[in-house]
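Asker: make a model of this:
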Amino acid sequence: MIFVPAGAFRMGSDRHYPEEGPAHHVRVEGFFIDETPVTNAQFAEFVTATSYRTFAESTPDPQDYPGILPEMLYAGSLVFRPPGKYADLRDWTQWWSFLRGADWIHPYGPQSSLEGLGDHPVVHVSYHDALAYARWKGKDLPNEAEWEFAARGALEQAEFAWGAEFTPKGRHMANTWQGNFPAVNEARDGYLRTSPVKAFPPNGYGLYDMIGNVWEWTSDWFSPRHEVTASKGCCAPQRHRGGCEADSYDPDQPEIRIPRKVLKGGSHLCAPSYCRRYRPAARHAEAIDTSTCHIGFRCVIRPGGKNDIS
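Answerer: Below you'll find the model as predicted:
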């Protein structure tokens, strides 16, 4: 793990997606954070020691999904499948498929395996899967402010975790998508899917893959905008305050009452033409019962035993 010293920073952004604002000053206490996302090899140690079974490996309980068709009650997870042609970017179902038998051991479907992927980030983990691993290790999941502060690598207000340019001098600094999303990934960064966790340069704190490769779970409930506490001075840093569970439900699907947490960092599927969330300020909502081939996590330890997992 890497120690990130206490400090204040300007969290969020007013220049990109609306959920990133308002930008505001936040103070974070010092903490330790995993140098890389949790890998397949590390997660395998956890499963071997505990016989843990992930959400994607378990058949859904129909009581949790009122009205679900019986034929949809099977274990599986979401896998990205490029359509191979022009796609309507408003319809994500053209490139995402819920595959029976897809899980952390079979990341691209039941016929796939982890061969050669031991040092890649574990994927197909739901929020509670990540939480279970963190507790087993005596750790926590980072809150959004901790994650973003660490991702910035002491570069105050920089657009990216490494500075102002996305590809300085043409160098790819993270595993993202190049080409016409979702049909063609030109893989100019060297990878079509996930990459080994140290394939790209670390940030200023020595942390790898804070941007791209896989999205990472945080412990905060999602809210459409940052929750900002009034302060005595316009630039006085505030203690971070995340959203609440009741406000995290998807307003576009009022019939589905599944709370959502904040994801950070973007993934190898983030493209300039579709999802410019390969920045520390970017954030995304994800239902706690969802697992995909591009979501992983890393853990933190707060000195003094201040781990508070919700």
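Asker: C-terminal to the lowest-mean-pLDDT helix or strand in the chain, what's the next element?
Answerer: Every helix and strand in the chain was compared by mean pLDDT, DSSP states H and E; the lowest is strand 238-239, with a mean of 68. Using DSSP states H and E, the helix or strand that follows strand 238-239 in sequence is strand 260-264.
Asker: tabulate the CA atom coordinates of that next one in CSV.
Answerer: The C-alpha coordinates for strand 260-264 follow below in CSV (Å, rounded to 0.1, in the frame of the first residue of the first chain):
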residue,chain,number,x,y,z
ARG,A,260,-26.3,2.9,-6.5
LYS,A,261,-22.7,3.6,-5.4
VAL,A,262,-20.1,5.9,-7.0
LEU,A,263,-17.6,4.4,-9.5
LYS,A,264,-14.4,6.3,-10.2
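Asker: so what does that strand touch, helix or strand wise?
Answerer: helix 144-152, strand 215-221, strand 284-287 (3 or more CB pairs under 8 Å, 6 or more residues apart in numbering; DSSP states H and E). No exception for glycine: its C-beta is placed from N, CA and C like everyone else's.
Asker: Ala23 is nearest to which of the ones you listed?
Answerer: Nearest to Ala23, of all the helices and strands packed on strand 260-264, is helix 144-152, at 11.1 Å by CB to CB.
Asker: circling back: let's have the helices and strands packed on strand 260-264 in a markdown table, adding mean pLDDT, distance to Trp177 and mean neighbour count.
Answerer: Below are the helices and strands packed on strand 260-264 laid out as a markdown table (pLDDT from 0 to 100; distance: least, CB to CB, whole Å; neighbours: other CB atoms under 10 Å):
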| stretch | mean pLDDT | distance to Trp177 | mean neighbour count |
| --- | --- | --- | --- |
| helix 144-152 | 98 | 19 | 26 |
| strand 215-221 | 97 | 13 | 26 |
| strand 284-287 | 96 | 15 | 19 |
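Asker: for Pro60, find the nearest of these.
Answerer: The nearest among the helices and strands packed on strand 260-264, by CB to CB, is strand 284-287 at 12.8 Å.
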